[in-house]
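Enquirer: heads up, no residue letters with this:
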């Protein structure tokens, strides 16, 4: 799967059609819980912040069969409980609807390029309030057509986008799929009481004590004063080709860590700031949840250490912290976390070779105002790719561009050692 951003998204011309839905108000929805990530996301939306949507984009042979595509999308919604949830405007609750009661409206779109029309559609429809917070679209062409399915981030994570591309393509083709477990049921399990002396809780407190309960920020000055945001800029590049990526994995294994550990270590070297804290999204799917759509991620702090030999221990500690639901961690903290910026400095890593779907599908993320640097690494059969989100100001472009060049050089240096 290729990872890109709405501002860099390119779509071939064709006949653009959108399907949007409204909820039949005759049914009584069922109250359901929210995860920590969902609550944080929705709290920002309730305060007026612009939220981010995620979309799956893939191709099918021939012109679009509109009836078959809408039927497939209905089946997708019925299959995944995460897509049945309406998020309440207060940002603290949700209810679950029967997707069979959704009424869809088909509308041709014109007056612009395909990419511009799709971006406008997803910006408009994929917002958390009200339900539904998703949209379906297609760009029909005689030989090969494009299907786009977007959701507000509260419904899905990166893994989900790969699943949506796989599921919707299979359903459109009339193929069978494995059973999907319930995200709603999993959320209910994450809200138990924490165990004070749980080793994971002790690890959490030790890390947070070390950083004085301040969430990590990018260590270099990007030229944006605290409290201000700027439009999002996006950089997308290949950090390492397939051969270099394979060599980096071998280097990491010899040092007792993973490819992600080697990437964090080389990033720390590129930044020149010594060992530094970053936030790492970690998926929480159990093996039985492999086919389930939802925001199945927790966030854990981890040290990025220029000494590669220490990364195995750092990631082992982070995995231990990830085993405790974030709801329980936050409920047990002796003091609240502090944040100097709206965004958090995070480094995400997804190995798409291990996910369902095909390599030509795209994960597209919407844009939103930025005040810090965020990094999304993706591993494919072609190598290690990076999407970077940062404030669109001159100093940020210069600083981030230099760091990314140095990072790629540090990766090449690591595999030569």
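Expert: The structure has been received and is ready for your questions. Bear in mind that the values here come from a model prediction, so they are computed numbers and not experimental data. Numbering: from 1, shown residues only.
Enquirer: which intervals of the stretch 201-350 of the chain have sub-threshold pLDDT?
Expert: Applying pLDDT under 70 to the stretch 201-350 of the chain flags no residue at all.
Enquirer: quick one, helices of it?
Expert: With DSSP state H, counting those that start in this stretch as the criterion, the stretch 201-350 of the chain has helices at 242-254, 259-271, 311-322, 326-332.
Enquirer: Who are the packing partners of the second one?
Expert: The elements that helix 259-271 packs onto, with contact taken as 3 or more Cβ pairs under 8 Å, 6 or more residues apart in numbering; DSSP states H and E, are helix 242-254, strand 276-283, strand 297-304, helix 311-322, strand 346-351, strand 374-380, helix 394-416. C-beta coordinates here come from the backbone N, C-alpha and C atoms, glycine included.
Enquirer: can you redo these as JSON lines with distance to residue 36 and mean neighbour count?
Expert: Converted to JSON lines, the helices and strands packed on helix 259-271 look like this (distance: least, Cβ to Cβ, whole Å; neighbours: other Cβ atoms under 10 Å):
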{"stretch": "helix 242-254", "distance to residue 36": "30", "mean neighbour count": "17"}
{"stretch": "strand 276-283", "distance to residue 36": "12", "mean neighbour count": "19"}
{"stretch": "strand 297-304", "distance to residue 36": "8", "mean neighbour count": "22"}
{"stretch": "helix 311-322", "distance to residue 36": "13", "mean neighbour count": "19"}
{"stretch": "strand 346-351", "distance to residue 36": "15", "mean neighbour count": "20"}
{"stretch": "strand 374-380", "distance to residue 36": "18", "mean neighbour count": "21"}
{"stretch": "helix 394-416", "distance to residue 36": "28", "mean neighbour count": "17"}
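Enquirer: What are the structural domain limits within the protein?
Expert: 2-187, 197-416 (automatic domain parsing).
Enquirer: confidence score at residue 11?
Expert: Per-residue pLDDT puts residue 11 at 97.
Enquirer: no wait, residue 55
Expert: 98.
Enquirer: Same check on residue 360?
Expert: For residue 360, the model assigns a pLDDT of 87.
Enquirer: how much space between it and residue 144?
Expert: Using Cβ to Cβ, to the nearest Å, residue 360 is found at 11 Å from residue 144.
Enquirer: Same check on residue 215?
Expert: Distance from residue 215 to residue 144, by Cβ to Cβ: 44 Å.
Enquirer: of those two, who's got more company?
Expert: Of the pair residue 215 and residue 144, residue 215 is the one with more neighbours under other Cβ atoms under 10 Å, namely 20 against 14.
Enquirer: Check which helices and strands the strand or helix carrying residue 165 sits against.
Expert: Assessed by DSSP states H and E, residue 165 sits inside helix 158-172. Here helix 158-172 touches strand 53-61, helix 66-79, strand 144-152, strand 346-351, strand 362-365, going by 3+ Cβ pairs under 8 Å, 6+ apart.
Enquirer: could you check the angle strand 374-380 makes with it?
Expert: 50 degrees (axes from the mean of the first three to the mean of the last three Cα atoms, to 10 degrees).
Enquirer: Please compute how far helix 158-172 lies from its chain's middle.
Expert: Centroid separation for helix 158-172 versus its chain: 15 Å, with Cα atoms, centre = their mean, to the nearest Å.
Enquirer: State the mean pLDDT of it.
Expert: Mean predicted lDDT for helix 158-172 stands at 97.
Enquirer: Counting neighbours, which bits of it end up buried?
Expert: Within helix 158-172, the residues scored as buried using 16 or more other Cβ atoms under 10 Å are 158-172.
Enquirer: relative orientation of that helix and helix 66-79 in degrees?
Expert: Using the same axes, to 10 degrees: helix 158-172 against helix 66-79 is 130 degrees.
Enquirer: immediately after helix 158-172, which helix or strand?
Expert: Downstream of helix 158-172, the next assigned helix or strand under DSSP H and E is helix 183-189.
Enquirer: Which secondary structure elements does that next one sit against?
Expert: strand 30-32.
Enquirer: related to what we said a few turns ago, which one, of the helices of the stretch 201-350 of the chain, ends up nearest to residue 348?
Expert: Residue 348 lies closest to helix 259-271 among those, at 9.5 Å (Cβ to Cβ).
Enquirer: what's the angle between that closest one and helix 242-254?
Expert: Using the same axes, to 10 degrees: helix 259-271 against helix 242-254 is 100 degrees.
Enquirer: Torsion angles phi and psi at the closest residue to residue 10 other than its chain neighbours?
Expert: Nearest non-adjacent residue to residue 10, counting by Cβ to Cβ, 6 or more residues apart in numbering: residue 115, 5.9 Å away. When read as degrees, to the nearest 10, the backbone of residue 115 gives phi -60, psi -40.
Enquirer: any idea how far residue 115 is from residue 140?
Expert: Using Cβ to Cβ, one gets 15 Å for the distance from residue 115 to residue 140.
Enquirer: what does residue 379 give?
Expert: Note on residue 379: its distance to residue 140, by Cβ to Cβ, is 33 Å.
Enquirer: Ok, residue 335 next?
Expert: 56 Å.
Enquirer: So which of the two has more stuff around it?
Expert: residue 140 (20 against 8).
Enquirer: what's the more buried one sitting at in phi/psi?
Expert: According to degrees, to the nearest 10, residue 140 has phi -90, psi 140.
Enquirer: Chain neighbours aside, what residue packs nearest to the residue nearest to the spatial centre of the chain?
Expert: A centroid search over the chain (Cα atoms, centre = their mean) returns residue 158, at 4.0 Å, as the residue closest to the centre. Of all residues not flanking residue 158 in the chain, residue 350 sits nearest, at 5.4 Å (Cβ to Cβ, 6+ apart).
Enquirer: Good, we can wrap up now.
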